[in-house]
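Chemist: can't give you the sequence, but here's the structure:
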């Protein structure tokens, strides 16, 4: 199914009026939804679709957000359902479905070595956003120093407007936790280098989902990495969907993934409030 930006924005307005946190390389506004039950509530930032082909994380996060908004959860949430809008558009629509000039089309086609962009992860500059944060930038396993469908760290940390937009949020949002949704593998990554004080919380969250908790010793430059480095608070990268599913995971697979995640934000609230003694197992 092709990605149409105006339909995406319309779907957000049916939930709440979004705030714009920045713009993409192609000048598309990046929307954020907010839910605030009380001024003293724990604050959490949720980010989806950091990687283009992992589009499934956007409807998943929106579905969870609608639930949370409907029954009145206790967390104060900021949700950026789709950070990499340009990349999603390229992955879903192909070159002819993205408003770019022929020169850029040729540049991207040459990098991709194919006209099929369904497996594309980067933004429209061929920078992997999840390697573009200033946390061990360029030091990760498999990092690339040149434009590519995935793995290119960018010319410098925060070179990309999408990266800068979410960094501004993390710098000024005073978040108690940040959760970035990716696909796939049913894993929860936590910590960054020596910052592992929230290991038990991460493992409890992973166990609830039926996912495998993992440290990230070779990770660098990621959204979660940056938040953990700067705050020493809980940062999670959640890889949704079975490894048996092919990339990209289509929306037809959303329901079982959503069912595994129902109630997980309530658990997160309890974890942040240190009330998880009786709910540390999958329901």
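Modeler: That came in fine, so what should we check first? Fair warning: this is a prediction, and the values are worked out from it, not measured in the lab.
Chemist: How about the secondary structure of the closest residue in space to residue 52 that isn't next to it in sequence?
Modeler: Here the nearest residue to residue 52 in space, its sequence neighbours aside, is residue 87; by Cβ to Cβ, 6 or more residues apart in numbering that works out to 3.1 Å. Using the backbone N, CA and C atoms, a C-beta is placed for each residue, glycine as well. Using DSSP: H, G, I helix; E, B strand; the rest coil, the secondary structure recorded for residue 87 is helix.
Chemist: next helix or strand past the top helix by length along the chain?
Modeler: With DSSP state H applied, the helix covering the greatest number of residues in the chain is identified as helix 57-71. Remark: after helix 57-71, the chain's next helix or strand is strand 76-80, criterion DSSP states H and E.
Chemist: just so I have it, where are all the strands in this structure?
Modeler: Taking DSSP state E, the strands of the chain run over residues 19-23, 29-35, 43-47, 76-80, 177-183, 187-190, 212-215, 234-240.
Chemist: on that earlier part again, the residue nearest to residue 52: how many residues sit nearby?
Modeler: 33 (other Cβ atoms under 10 Å).
Chemist: what would the strands of the chain look like in JSON lines with distance to residue 56, mean pLDDT and mean neighbour count?
Modeler: Putting the strands of the chain into JSON lines (distance: least, Cβ to Cβ, whole Å; pLDDT from 0 to 100; neighbours: other Cβ atoms under 10 Å) gives the following:
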{"stretch": "strand 19-23", "distance to residue 56": "22", "mean pLDDT": "98", "mean neighbour count": "15"}
{"stretch": "strand 29-35", "distance to residue 56": "18", "mean pLDDT": "97", "mean neighbour count": "20"}
{"stretch": "strand 43-47", "distance to residue 56": "14", "mean pLDDT": "97", "mean neighbour count": "23"}
{"stretch": "strand 76-80", "distance to residue 56": "15", "mean pLDDT": "97", "mean neighbour count": "24"}
{"stretch": "strand 177-183", "distance to residue 56": "6", "mean pLDDT": "98", "mean neighbour count": "25"}
{"stretch": "strand 187-190", "distance to residue 56": "15", "mean pLDDT": "97", "mean neighbour count": "22"}
{"stretch": "strand 212-215", "distance to residue 56": "19", "mean pLDDT": "95", "mean neighbour count": "16"}
{"stretch": "strand 234-240", "distance to residue 56": "7", "mean pLDDT": "97", "mean neighbour count": "25"}
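Chemist: Export those as JSON lines, with columns for distance to residue 114.
Modeler: Formatted as JSON lines, the strands of the chain follow (distance: least, Cβ to Cβ, whole Å):
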{"stretch": "strand 19-23", "distance to residue 114": "28"}
{"stretch": "strand 29-35", "distance to residue 114": "28"}
{"stretch": "strand 43-47", "distance to residue 114": "28"}
{"stretch": "strand 76-80", "distance to residue 114": "29"}
{"stretch": "strand 177-183", "distance to residue 114": "21"}
{"stretch": "strand 187-190", "distance to residue 114": "28"}
{"stretch": "strand 212-215", "distance to residue 114": "31"}
{"stretch": "strand 234-240", "distance to residue 114": "25"}
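Chemist: For the chain, which segments count as helices?
Modeler: Along the chain, the segments classed as helices by DSSP H run 5-13, 57-71, 85-93, 102-112, 161-172, 199-209, 223-231, 254-261, 264-272.
Chemist: Nearest to residue 36, out of those?
Modeler: For these, proximity to residue 36 was assessed by Cβ to Cβ; helix 57-71 is nearest, at 10.5 Å.
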